[in-house]
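J.: could you look at this predicted model? Sequence included:
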Amino acid sequence: MKIKYALMGISSRFFYSFLIITQLTFGFYSIYENINMYKRVNSETNKVERFFKDKKAYKLEAEEFNFNANSSNFKTIVDIFKTMEKSKKYTFVRNSGSGMMIPTFNNYKQFQASGEFHAVVDGKTYFQTKDMCINRPYIKMYPLNVQKGRMFTDDEFNFIGDNNVFPIIIGANYSKYFKVGDKIPMDSRIGKIVGILKENEYSPGDVSQIGERYVNLNNYIISTDASYKNEVSLCDSTLFNTNYIIFDNSTEQSEINSELSKIKKALNAVPAIRNANMRDLSKYITQDRDMLEEQYEIISITSISVIIFVCITFIISILDSVDKRKKEYGIHIMSGGTLSDIAKITYWEIFITFFISYVITGSIIYYRDGKLININSLILLFIIVLIISLAAAVIPVIKIFKLNINELVKGDE
């Protein structure tokens, strides 16, 4: 019965209620976006802390690389890489994409690298897969977990050259199509699956590139130096793709500069390389997080401002309604009602108005996101809506309980 009276109260001022519901819908939509943005900020913060907390990272780059140089040049470069991997003053991590091509299969597009490059070999269509070639220090720095099979053995990280069959570990989503022990044609050779990663394993990608800084490995194929056909491929992939030279934050900058200078001097002494250099990655590591934090602050201020403005307007409206409906309240009391009943009806009016706005907000979000809608965020939004509705009802309810029953009854007379 109280809900019925509450609905009658809302409908009696339909136009005003419509404006309030519209404004609340915008406010709740902003809060939903704010919740999701907070989760994204938290996720990015966790990634930064997991991969680069208390670290200084640099990237090895080269302006030019002569693929036709004497083969001894490439061996020298590989030897420099090996020396860097053994350094105790820093960690040299390589997680380069090598552009592996594998045959197409059902639903292969989710595993496809950007660019959608295809090739036809012996009547079969190949696509360029998302892949990552890691070195031995990578797995020590950023351990990965498998749900089936095993990780790479120490020997499987070694460069062999022109290896017909080499070990690979596939991301969790590949497990729908392949199993441990399967062999996948990769370019002109074979990748043998030795393990399947657990779901949602993350890795640093190329932190200097927007959208590739931290990657989910569900759709990736992971290999080692054993996958390279020759030293040229290994050198090219390392110099022009993702790598990190990582120092502890406690390392003096003078020592860091000295070590980087040694690396540059060694590489620039090789005729095949022109202008090897190091790029400081400090400004890139937290760039996504910093951008999201700025957006989070803007959305927070917007949503809070809208909700406060609408609630104040709504409360003033309810208080005005209480004054105008004293005659109605007097009739209600003479019919056996109480101030408590009136207070409950008033709260129901507030809650129903908020709930209608919540439902409209949810419908808009579902229309936009479909199955990708974040149910947990919607549940949290409902809890926030409930809390706000209770807060908005405090002043009107207090005013109702302060009404003089005798005056209400006499007013009706």
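T.: Yep, it's here.

J.: all contacts plus neighbour counts: C-alpha atoms, from now on.
T.: OK.

J.: which stretches in the protein count as helices?
T.: For the chain, the helices defined by DSSP state H occupy 2-12, 14-52, 71-85, 136-141, 231-240, 253-268, 282-285, 287-324, 326-334, 339-369, 375-401, 405-412.

J.: which one of the ones you listed lies closest to Glu61?
T.: Of all these, it is helix 231-240 that lies closest to Glu61, at 5.3 Å by Cα to Cα.

J.: and the angle from that closest one to helix 71-85?
T.: Orientation check (axes from the mean of the first three to the mean of the last three Cα atoms, to 10 degrees): helix 231-240 against helix 71-85 gives 50 degrees.

J.: low pLDDT regions in this structure?
T.: Judged by pLDDT under 70, the chain has its weakly predicted residues at 1-14, 162-163, 329, 337, 404-413.

J.: circling back: winner for burial among the helices of the chain?
T.: Of all the helices of the chain, helix 231-240 has the most neighbours on average by mean count of other Cα atoms under 10 Å, namely a mean of 20.

J.: now do it: distance to the chain's middle.
T.: Relative to its chain's centre, helix 231-240 lies at 30 Å (Cα atoms, centre = their mean, to the nearest Å).

J.: got the contact list for that helix?
T.: 60-62, 65, 67, 74-75, 77-78, 94, 96-98, 161, 225, 228 (Cα atoms under 8 Å, 6 or more residues apart in numbering).

J.: before we move on, the earlier item: nearest to Ser203, out of the helices of the chain?
T.: Of the helices of the chain, the one closest to Ser203 (Cα to Cα) turns out to be helix 14-52, at 7.9 Å.

J.: in the longest strand belonging to the chain, what's buried?
T.: When the chain is parsed with DSSP state E, its longest strand is strand 55-65. Buried residues in strand 55-65, counting neighbours by 16 or more other Cα atoms under 10 Å, are found at 56-62, 65.

J.: using CSV, write out every CA atom in stretch 145-155.
T.: C-alpha atoms of stretch 145-155 as CSV (Å, rounded to 0.1, in the frame of the first residue of the first chain):
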residue,chain,number,x,y,z
ASN,A,145,52.8,-20.3,-14.7
VAL,A,146,51.5,-23.3,-16.7
GLN,A,147,48.2,-25.1,-16.2
LYS,A,148,49.4,-28.1,-18.3
GLY,A,149,52.8,-29.4,-19.4
ARG,A,150,55.9,-27.6,-18.3
MET,A,151,58.0,-24.5,-18.7
PHE,A,152,61.1,-24.4,-20.8
THR,A,153,64.2,-26.2,-19.6
ASP,A,154,67.4,-24.3,-19.2
ASP,A,155,68.9,-25.8,-22.4
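
J.: quick one: contacts of that stretch?
T.: By Cα under 8 Å, 6+ apart, stretch 145-155 touches 136, 144, 167, 169, 180, 194-198, 201.

J.: mind doing that once more with 6 Å?
T.: 194-198 (Cα atoms under 6 Å, 6 or more residues apart in numbering).

J.: one more: stretch 36-47?
T.: Applying Cα under 6 Å, 6+ apart, the contact partners of stretch 36-47 are 289, 292, 296.

J.: and the second one, how far is that from Met141?
T.: Leu292 sits 27 Å away from Met141, taking Cα to Cα, to the nearest Å as the criterion.

J.: over to the last one?
T.: The spacing between Tyr296 and Met141, counted by Cα to Cα, is 31 Å.

J.: quick check, Tyr244 in contact with Glu61.
T.: No: using Cα atoms under 6 Å, Tyr244 makes no contact with Glu61, being 10.2 Å away.

J.: quick one on the thing from earlier: for the helices of the chain, give me a markdown table that also has distance to Lys130.
T.: As requested, the helices of the chain are arranged in a markdown table below (distance: least, Cα to Cα, whole Å):
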| stretch | distance to Lys130 |
| --- | --- |
| helix 2-12 | 56 |
| helix 14-52 | 20 |
| helix 71-85 | 24 |
| helix 136-141 | 18 |
| helix 231-240 | 14 |
| helix 253-268 | 29 |
| helix 282-285 | 22 |
| helix 287-324 | 22 |
| helix 326-334 | 69 |
| helix 339-369 | 26 |
| helix 375-401 | 30 |
| helix 405-412 | 74 |
